[in-house]
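[1] this one's structure only:
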């Protein structure tokens, strides 16, 4: 059961945003720890590995488990954008609870699949991108 700190819409918005970031930053941090700056440079990527890059890379996987993780991360990203930037849309408690349950399920799916396997896939994707952009083999 998800318990929110109060019935304030600001807290609902914050919960949705923090839920998404809990997942994204876990992936991004682990990926950056295992990816050299040289490889990122060769792939013409920033040291930040932006949200859309990670989401698209996961969604484009031929592995259905990885692509589903990417799809779910993209849905959580869209919900975060609404919560963070669309002040005309009211965010209710039930929406925040739904999003947090979805984040918990996404984290469970990543845990079941294996975060190291997910990171390995993303590293290979970056290597392939670097190779395509330079026309040579990458380490």
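    Noted; the coordinates are in hand. No experiment lies behind these values; they were computed from the predicted model shown.
[2] spatially central, which residue of the chain would that be?
    By C-alpha atoms, centre = their mean, the mean C-alpha position of the chain lies nearest to residue 24, the distance being 3.6 Å.
[3] that residue contacts residue 58, doesn't it?
    No - in this structure residue 24 lies outside contact range of residue 58 using C-beta atoms under 8 Å: 10.9 Å. From N, CA and C alone the C-beta is placed, and that goes for glycine too.
[4] which neighbours do the two share?
    residue 73 (C-beta atoms under 8 Å, 6 or more residues apart in numbering).
[5] so where does the residue nearest to the centre of the chain fall, helix or strand?
    Assigned by DSSP states H and E, residue 24 belongs to helix 9-34.
[6] show me what that helix is packed up against.
    Using 3 or more C-beta pairs under 8 Å, 6 or more residues apart in numbering; DSSP states H and E, the elements in contact with helix 9-34 are helix 51-59, helix 64-85, helix 93-113, helix 115-134.
[7] which of these sits closest to residue 29?
    Evaluated over the helices and strands packed on helix 9-34, closeness to residue 29 peaks at helix 115-134, with 9.9 Å, by C-beta to C-beta.
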